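S.K.: Dropping a prediction and its sequence here:
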Amino acid sequence: MTRPHDFGFDETAQILKDTARRLLQDHCAPEALHRLVAVSSEPARATEGVWDPSLWRKMVDLGWTAVAVPEHAGGFGMGLVAIAGLAEELGRAAVPSPLIATLCATYVAAACDSEAARQLLRRIASGLSVSLAGIDRRGSWEPEDTDVVVDEAGALQGTAWFVQDAGKVGALLVKAKSPRGVGLYLVEVDAPGVTMVPDAILDLTRDQAHVELRDVRDAQVLAEPGDGARVLVAAEPALLTIVAADMVGAAEWQLQTTAEYARTRVQFERPIGFFQAVKHPLVDMMVQIDAARSLVYDAACAFDHEPAAAEMCARMAKAAASDAAADVSGRSVQLHGGIGFTWECFIHIWFKRQKHNEVLFGDAAYQRARLADRLIGRIGETA
Amino acid sequence: MTRPHDFGFDETAQILKDTARRLLQDHCAPEALHRLVAVSSEPARATEGVWDPSLWRKMVDLGWTAVAVPEHAGGFGMGLVAIAGLAEELGRAAVPSPLIATLCATYVAAACDSEAARQLLRRIASGLSVSLAGIDRRGSWEPEDTDVVVDEAGALQGTAWFVQDAGKVGALLVKAKSPRGVGLYLVEVDAPGVTMVPDAILDLTRDQAHVELRDVRDAQVLAEPGDGARVLVAAEPALLTIVAADMVGAAEWQLQTTAEYARTRVQFERPIGFFQAVKHPLVDMMVQIDAARSLVYDAACAFDHEPAAAEMCARMAKAAASDAAADVSGRSVQLHGGIGFTWECFIHIWFKRQKHNEVLFGDAAYQRARLADRLIGRIGETA
Amino acid sequence: MTTSAQSDSNEQAAFRAHCKAWLAGNLPPRPSFRLPLGPLEIATVEQLEYLCDWQKAAHAAGLVGCDYPREYGGGGLRDCQWIANHELKAAGAPFFPNIVGLGMAAPTIFHHGTEAQKRRLLPPLFSAEEIWCQGFSEPGAGSDLANVQAYAQRDGERWIVNGHKVWTTLAHFATWMILLCRTDRARKYEGMTYFVAPIRDGVGHGVAIRPLVKMTGELGFNEVFFEDYPIADDLRLDEPGRGWAVAMTTLLHERGAGPLVTPSSGGGVGDDGETTLGAAGLVELAKRSYRHGKPASDDPRLRDAIVQLLIRQRAFAQNERRAAVPALVDHPLRLPLQHKLTLSELLQDTARLACEIEGMAATLHQTDPNAPAGGRWPHAYMNSYGFTIAAGSNEVQRNILGERVLNLAKSK
Amino acid sequence: MTTSAQSDSNEQAAFRAHCKAWLAGNLPPRPSFRLPLGPLEIATVEQLEYLCDWQKAAHAAGLVGCDYPREYGGGGLRDCQWIANHELKAAGAPFFPNIVGLGMAAPTIFHHGTEAQKRRLLPPLFSAEEIWCQGFSEPGAGSDLANVQAYAQRDGERWIVNGHKVWTTLAHFATWMILLCRTDRARKYEGMTYFVAPIRDGVGHGVAIRPLVKMTGELGFNEVFFEDYPIADDLRLDEPGRGWAVAMTTLLHERGAGPLVTPSSGGGVGDDGETTLGAAGLVELAKRSYRHGKPASDDPRLRDAIVQLLIRQRAFAQNERRAAVPALVDHPLRLPLQHKLTLSELLQDTARLACEIEGMAATLHQTDPNAPAGGRWPHAYMNSYGFTIAAGSNEVQRNILGERVLNLAKSK
C-alpha cells in the first residue's frame, strides 16, 4: 500500500466532517448542551447520563453508524481517516451519544472472523448502538484482562467495568475468559442475567456503568476463545485514534472559546489576550493541539494504509491527545478566571469530558510505556 | 538533639558568609573571573583548569579549610549550616578553587575512625587541599562502585574517574576495593605510580581528571576495607548539601544578573522585564531557587541536629538544587537573548558550572529514585 | 566554636507546652457527616457549627489570635501564633472556619481601625461568633482589583452603597464583610474607601446574596448585590480615599503573611504533610492503585513524580521556616509573596497526579461507592483552580513578585 | 465508497524517481574532517567547500531550487522541492550550506526583485557559488527588529550606509548580504529600505567583519560594521520605504515556509528521524549509557522521556505533512508559523535529555576522547539556544502566533 501524502483525507471525508459540524452546530450548540446536561448541579445527575435520543436518530439517519462498517456488511466502508474527522466533530460539540462507543465496537467487530460478527456489523449499519465491555476492575484494558469468565456451561459470569455509554446502547460486546483464552461475545442489554449498574461519574456528556453478568446464556460468540486477544490488538489502533480525535476536536473548542474570551474580557484597560501570561499559554495550547491533530490523521492513515505502523502511530496520537487534553483543559479554566470556575460557564463540560477521555484505553504514560517497548526494546533486552 | 527553628544559622555562620562574600567580590568579580578563565576560547582551555593560587592562599589564611574540621583536630568545628553558607558564596562567585572538593573530603575524613584520618584532618585544617577519588568509569558514586582495587600486596591498582579539581589538590582520598570490601586510602598526588590525566571538560571554573594508579604502595589507610561504605554513607548528606549550596548561590547570581539585564535592556520601547514572557520566567527562577535554598539549610540543619533525617533532607536539597540550576541556567541564556549566547557575556561561565554540579554525586532523578526507596518503599515491597 | 541551637524563648516554650497539653485532651470528636476539605468549601450549617465550636474552644484555650493584645480578644503573646499553628497541624486538628476574618479582616482592622472598632470587632472574630467575608472582586474587577465600581455615596453620617460583588466566600454564613467601594469616580487608586459592612443585618435591607455553583456542582461562594444599602460612617476603616492602601494591607495578609496569623487554609499542606490532601496521601493511594498489573507505587515514573511533590511540599514548609530567619532572607516580601503561588500550584499538581494514579477510577464522582479515597482527588483537582484563580490569579501573583521583589517594570 | 489514496502527480512521481536514482549514486564521500552539525556552525573553509561542492552537484542534478523558473536557475517544476528534501533526508545526504540564500534571500528576491536582479542573483545562489548572509539584527534591534538604526543615506544613484549589524551567520564566507536599513528616521515601519549588498567586495571599502565567539567557544556568527559604505541603487529590493514589508517576506520564509523550499536546517529532524541529532539518537545513546548500574535504556523514567521526544519529532514531521492538506488546516499561517518554535524547542529538549542520559560523562568537552558520542550532545544543547533565540526569539514567535493566528491584542 502506498502512504498518501494527504493522509487519504478525500472529498467524501470532507463532506462527512462538514455535515457533522453543521448538524451539531444546529442541534448541540453549547447553550443547548448546557441546558441539556447541566440543568441540575445536584449530585444525582452524576449517574443520569442525560442525552438527546432525537438527535441520535438524526445521526443514525445520516448513516453515521454505517460509515465505518465495511461495504460487504452494508456499510460505507470509509477509511479511519474519515471516521477521525467525524470523531473530531463529536468532540468539538461534546455531544452525548453512543456513537463513539459504537464506532469503537464496529472496529472490534470488523476484526472478528465470524458470521455472527458480520451479522452484528449489519445491525450496526442499520442503527444498532453497541459498547465494548472490555475493562477490568483495576481499569486495565490489556487484551487478556477481564473479570468476566465463560463457565463450563458456556454462560458468562462476572462483572465488566467501566463500560462507556452503557445506558444508551442496545448491545454489549463483552470480553470474557475461558480456559482456551479470551473470546468476544455479543450480549443484548436486556438479555436475562444482565444488570447494568450506573457509575456516578464526573463527565456530564456520557454515562458509564459496570455490568453484572449472571448466568448469561444467550451470548453470541463473535470471536472464539483464544482469538479475542488477536481481535482486540487488531482493532486497538482504531479505538485509540477515534478517542484521540474526539479529544483533539474538544481541545480545539476549548482553545477557540478561551481565545474568544481573551479577545473580549477587559482587565487593566486591555483585552486580557494582550498580556503574554494569557497569550503565550494560548499559543502553547494551540501548538499541542496541532501536534496531536497531525498525529491523529497520521495514525488514521497508517491504519488505512500502513498496518505495520498503525499501533505505533495510534499510541503516539493517543498519548499526544491525552496530554494536550489535560493541559488545554486546565488552562481553559485558569484563563477564564473566576467565571471559568463556575457551573454556569460552559467550559467545565468539556473539561470533564477531556479528563474522562484522557484515561480511556490507557492514558498518555501508558501509551508511552508501550511505545518504549517497541521503539527502545523491552526492559532487560539490552546486553 | 533539638531541631533549631532558625536552622542553627548563628552569628558565626553569618560572619563567615559575609566575609566570603566580600573577599570574593574583591578578588573574583565576574569581570576578573572572565579574564582569568575565559581569556581564550580555544579548545585547549578545556583541560587547563585555570585558577588563582594567590586567592587560594588568602582563603586558606582565612581558615576556610579549617571551618569544617572538628575542634579536636585543630579546626573550627562549625556546623554544616555554616559551611552551606560559605558554599553558597563560592557558587555565587563561581570561584575556581579546590575548596568545595576539600570540604567534601573533610566530611569523609571526619566520618572515618582512624588516627590516619585524624592526622589528615589536621593537615586539612592547616591548608592541605584534598579531593575525593570515588567515582567509577560509568559515573557511579554508589559506595561499593570503584575501578580501583587493593591488590594482594596492598598496592592500589586501577583508575579513579571524574576526580574534581584534581589538578589543584595536594592529596587524594581514594575509594578502593579488596576482598574484604571497600576501604578509603590517602594518596599524595606526587606519590610514585600516580598519573593524573586531565579530562577536557566544559566547566571553566574547575578541572577534572581521571587518576591512574599503578602499584601505589604508600597509601595510608583512612578507613579499613569493609568500613569504607559506612563512611561514605555517613558523609554523603554533607557532600550533597555542599554541592547543592554551591548551585543555589550560583543560581541566585544568575537570577540577579538576568533580572538586572531585564531592567535595563530596552526592546519595543520598554525594559524587557515589562513583558510577562520575561517577567514570569524570572519569577519562576526565583521560586525554584528559594525552594532549593530552604531545603539546603534544612538539610544542613538535619545533618547537624537530626541525623536520622539527614539523608532524606540532603537528597531533597540536591534534587531541588539540580533542577533549579538546570532551569535557571537555560533561562539565563534565553532571557539574555543573542548576547547571552556569546563567549564575551559572563553568564556561560555559571551555566557550565551549574551543568557540572547538576550531575555531580547524582543528578536530580537519581536522588529522587533513592528518596522513593525511602519514602515509598522499594519496588516490589507492596503486596 | 560550636553550633548554636536557637530554640523557643521561654514564653514560646511555655506556650508550646500549653498547646501540646491542651490539644492532647481537647480535639473534637470526628463528626458523623463529611467535613469540607477547607474553609472555602464549607457548604452546610452543621459543618459550619462544628467548625465554629472548635474555633471557639481553641480561642478560649488561647490558640487563636495569640499575638494580638488581650484587650482585643487576643492572647497578648509575641511570635507565638506560628507555634499554635504548628501544633494544631501536628495534632491533626480541624481547620478554623473564620478564614477571611483571621487571615484578612483581623490584621486590616488591627492596622487601620479605630480603638472602638478593634474592641468591638476583633473578639467575636477570634471566637468565630461572627464570621467574616470579603467584598473585593466584581464582575469587571477580578485580577484588576483597582477597577472596583461598587459605589458608596456619602449621605451625612452614612454612606449609600450600590454595586455587585462576586466570588464572595462564606457570604451566606457571614455577619460581616470587608468591603471595598469607589467613592470618587474621577480617581482610580485614590478614589476608593474601605468599610466593614454588617451584611447579615443588611439582607432584605439593600443586600441580596445569591449563591454561585462551582464547576464541581457545589456551593462555596456567592454574588452579593447592594441596592441603596446604608452603612454608618463609623464602620469606615481609615480615611475616605484610602481604600486602596487599606486593601493592600488585606491582600498582603491574604497572599503571604496569612499563614503567620492563621493556620494555613486550602487543604492543609503542613510542615509534616500529614493531612489527607498533602502529597503524602499520594503514597498510600499509589500503593492501593494498579498500573501495568502492578501496584502504581512500583512504577518508577510515578515514584519520581510523587517524590517531586514530596520535595515541593517540604520546600514549602522550609520556606516558611526560613522566612523567619532574617539572616537567610534577601528581601522581606520575597518568601511571603510566594506563599499563595507555590501552595496553590502544589495542591493542584498533587491532585492532578492523584487522578493520574487512579487511572480509570478517576472518572468516578465522589458519590460513587467505588471511587478511590472517597472521590476526593478529582474533586480536589477541580477545586484547586479556585485557589490558583482566587485572591489574585497566579498570573497576577507573578506580576507582583516580579515587580515588588525583582524590581521589574510594571506590566500593567 | 473507498478511501482515495492521493499520490504524487506524474511530474512528482517522475521527479521522486529521479531523486532516488541520482542520490543512490552521487552522495559525496564522508570527509576526513568533522562536519558541522548544521549550516549555522560551519567554521572552516574546508567544511564550507565540501558542502558547497555538494550543493552545486545537487543543483546540477535538479534537486535545488526545483520549483523556481528555469530562467532563474531553477528546475521549473511545481510542488517538487519537498520531495527533493524528503529524499535527501532519507538518503542521509549532507545539508546545503547556503541556508540564508535558499531559505530567505531567494524567496525575497523572487517576490520583490526586478527581472534583472532575479537573473543575476538566483542562479549562483542555488549553485552555492555565492553564499548569502542576513543583515537584520542590531545591538538595539533584536526581537524588536523594527528598531533598525543602520542608516542608508541617498546619494544620487547610490546609498551610503553607516551602522552595525550583529548575529550575522556566515558573514565571513558570504558574497552577498540581505540588508535592512533605515532611510527615514522620522518613521518607524515606513522608514526602512531593503538592499542586497555585495559585502565581500565591500570589505576594506566601508565593511568590516568581526567574528563573534559563541558560548561553546566556536565561531559561527559575526558583527558587521558599515562606515560610509556605498551601495548602488539598483541593488535596492522594492521601493524605498518598503523595507519592512520586504523583510516580512524574508521572515515568513525564515520562520515557517523555509522548509518548503529548502531542506530543514538546524540539526535535521526529518520525517524519519534518522539524523544524528534527532531523538532516535537518544535510543542508541541510552543503550550505551548506564544508570543505577543498568543500561539507561532500562530506566522507565528515561524511557518515558525519550518516547515523549520521539512523539514530538513525529508530530513535527506530521505537521509539515498536514500543512499541505488544505482540508485539514484552519488558518494558513497556523502551522508554518509554529515551525521554528517547535523545531527549536524539540532540538533543545532532545539535547538536554541526551546530557541527562550521559550523566557524569556530560561534563566532558568534545575534545575529550572519552566523551560519549564525540561530545556532540552537551555541545548541541548549548548551540540549541542559538536556535531558540535567533530569527525572532521564541518569545516573539509566541507573540506572532497569538496575534496573527488567534487574533489576540498586540503585546507591543
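M.R.: Nice, I can see it.
S.K.: drop to CA atoms for contacts and neighbour counts, all remaining ones
M.R.: Fine.
S.K.: Show the model's pLDDT score for the most far-flung residue of chain A relative to its centre.
M.R.: Here chain A reaches farthest from its C-alpha mean at residue A:269, the gap being 42.2 Å by CA atoms, centre = their mean. Listed pLDDT for residue A:269 reads 89.
S.K.: Okay, it and chain C: tell me how far apart.
M.R.: With distances taken as CA to the nearest CA, to the nearest Å, residue A:269 is found 9 Å from chain C.
S.K.: quick one, strands of chain A?
M.R.: For chain A, the strands defined by DSSP state E cover A:130-133, A:148-150, A:156-164, A:171-178, A:181-188, A:194-198, A:208-216, A:220-223, A:266-267, A:270-271.
S.K.: Quick one: mean pLDDT over stretch A:218-229.
M.R.: For stretch A:218-229, mean pLDDT is 96.
S.K.: So residue C:103 is in contact with residue C:249, correct?
M.R.: No: if you go by CA atoms under 8 Å, residue C:103 and residue C:249 don't touch, sitting 10.9 Å apart.
S.K.: Between those two, tell me which one has more neighbours.
M.R.: With neighbours defined as other CA atoms under 10 Å in any protein chain shown, residue C:103 and residue C:249 compare such that residue C:103 has more, 26 against 18.
S.K.: what's around the closest residue in space to residue C:327 that isn't next to it in sequence, how many residues?
M.R.: Spatially, and ignoring its direct neighbours in sequence, residue C:327 is nearest to residue B:14 (7.1 Å; CA to CA, 6 or more residues apart in numbering or on different chains). Applying other CA under 10 Å, we find 16 residues neighbouring residue B:14.
S.K.: cool, and residue A:39?
M.R.: Residue A:39: 12 neighbours (other CA under 10 Å).
S.K.: Give me the longest helix you can find in chain C.
M.R.: Longest helix of chain C, by residue count under DSSP state H: helix C:300-323.
S.K.: what's the spacing between residue C:141 and chain D?
M.R.: In this view, residue C:141 and chain D are 20 Å apart by CA to the nearest CA.
S.K.: what about the helices in chain C?
M.R.: Taking DSSP H as the test, the helices found in chain C are C:10-26, C:45-60, C:81-90, C:99-100, C:106-112, C:115-126, C:199-202, C:243-252, C:258-261, C:280-288, C:300-323, C:339-358, C:376-389, C:394-400.
S.K.: what about those, which gets the closest to residue A:344?
M.R.: helix C:376-389 (14.8 Å; CA to CA).
S.K.: Buried residues, the closest one. List them.
M.R.: Buried residues in helix C:376-389, defined by neighbour count with 16 or more other CA atoms under 10 Å in any protein chain shown: C:376-389.
S.K.: Can you sort out which of those residues also neighbour chain A?
M.R.: Applying CA under 8 Å from any CA of the partner chain to these, one finds that C:385-386, C:388-389 fall near chain A.
S.K.: wait, what's in contact with the residue nearest to residue C:327?
M.R.: B:82, B:85, C:327 (CA atoms under 8 Å, 6 or more residues apart in numbering or on different chains).
S.K.: domain parsing for chain A?
M.R.: Using automatic domain parsing, the domain ranges for chain A come out as A:11-125, A:130-224, A:229-375.
S.K.: looking at the strands of chain A, which is buried most?
M.R.: Stretch with highest mean neighbour count among the strands of chain A: strand A:130-133 (a mean of 29; mean count of other CA atoms under 10 Å in any protein chain shown).
S.K.: Would you give the sheet partners of that strand, along with the direction of each?
M.R.: Sheet pairing for strand A:130-133, assigned by DSSP bridges, gives strand A:171-178 (parallel).
S.K.: Quick check, pLDDT for the residue in the stretch 201-350 of chain C that chain D sits nearest to.
M.R.: Nearest residue of the stretch 201-350 of chain C to chain D: residue C:301, at 4.8 Å (CA to the nearest CA). Looking at residue C:301, its pLDDT reads 96.
S.K.: quick revisit: of the domains of chain A, flag the one that's most buried.
M.R.: With a mean of 24, the top stretch among the domains of chain A by mean neighbour count (mean count of other CA under 10 Å) is domain A:229-375.
S.K.: Do me a favour and get the end-to-end distance for it?
M.R.: End-to-end distance for domain A:229-375: 22 Å, by CA to CA, to the nearest Å.
S.K.: quick one: which of the contacts of residue B:14 is nearest to residue D:349?
M.R.: Within the contacts of residue B:14, proximity to residue D:349 (CA to CA) peaks at residue B:85, which comes in at 32.9 Å.
S.K.: Which residue is the nearest non-sequential neighbour of that closest one?
M.R.: residue B:17 (5.5 Å).
S.K.: Now do the contacts for that neighbour.
M.R.: B:82, B:85-86, B:89.
S.K.: which stretches of the chain have low pLDDT?
M.R.: By default, I'm working from chain A. Applying pLDDT under 70 to chain A flags the ranges A:1, A:383.
S.K.: think we crossed wires, I meant chain C
M.R.: Residue ranges of chain C with pLDDT under 70: C:1-7, C:254-277, C:412.
S.K.: domains in it, as residue ranges please.
M.R.: Split into domains by automatic domain parsing, chain C comes to C:10-130, C:133-242, C:266-405.
S.K.: Out of these, which is closest to residue A:286?
M.R.: Residue A:286 sits nearest to domain C:266-405 of all the domains of chain C, at 19.5 Å, using CA to CA.
S.K.: Kindly report the residues of the stretch 251-400 of chain C close to chain A.
M.R.: Residues of the stretch 251-400 of chain C lying near chain A (CA under 8 Å from any CA): C:289-293, C:359-368, C:385-386, C:388-390, C:393, C:395.
S.K.: A PyMOL selection for the residues you listed, restricted to the buried ones, would help me check which they are.
M.R.: Entered in PyMOL, the line below selects the buried ones among these, by 16+ other CA under 10 Å:
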select buried, chain C and resi 289+290+291+359+360+361+362+363+364+365+366+367+368+385+386+388+389+390+393+395
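S.K.: Might you specify the subset of the residues of the stretch 251-400 of chain C next to chain A located within strands?
M.R.: Per DSSP E, these map to strands at C:290-291.
S.K.: could the domains of chain A be laid out in CSV, adding distance to residue B:25?
M.R.: Output for the domains of chain A, formatted as CSV (distance: least, CA to CA, whole Å):
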stretch, distance to residue B:25
domain A:11-125, 60
domain A:130-224, 59
domain A:229-375, 36
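S.K.: Please name whichever of those is nearest to residue C:115.
M.R.: Across the domains of chain A, closest to residue C:115 is domain A:229-375 (CA to CA), at 36.2 Å.
S.K.: Relative to the whole chain's centre, how far out is the closest one?
M.R.: Chain-centre distance of domain A:229-375: 13 Å, with CA atoms, centre = their mean, to the nearest Å.
S.K.: Equivalent analysis for stretch C:335-343, please.
M.R.: 12 Å.
S.K.: one step back: the contacts of residue B:17: which two are farthest apart?
M.R.: Every pair of these checked by CA to CA; the farthest is B:82 and B:89, at 11.2 Å.
S.K.: OK, contacts around the closest residue to residue A:285 other than its chain neighbours?
M.R.: In space, and not counting its chain neighbours, residue A:285 is closest to residue A:328: 5.6 Å by CA to CA, 6+ apart. By CA under 8 Å, 6+ apart, the contact set of residue A:328 is A:251, A:254-255, A:285.
S.K.: ok, so of those residues, who is nearest residue D:88?
M.R.: residue A:285 (32.7 Å).
S.K.: hang on, the closest one packs against residue A:327?
M.R.: Yes: taking contacts as CA under 8 Å, residue A:285 lies within contact range of residue A:327: 7.3 Å.
S.K.: List, one by one, the residues from the stretch 201-350 of chain C near chain B.
M.R.: C:283, C:287, C:295, C:297-300, C:303-304, C:307-308, C:311-312, C:314-316, C:318-319, C:321-322, C:324-325, C:327, C:335, C:338, C:342.
S.K.: Give me the buried subset of these.
M.R.: In those, burial by neighbour count holds for C:283, C:287, C:295, C:297-300, C:303-304, C:307-308, C:311-312, C:314-316, C:318-319, C:321-322, C:335, C:338, C:342, counting by 16+ other CA under 10 Å.
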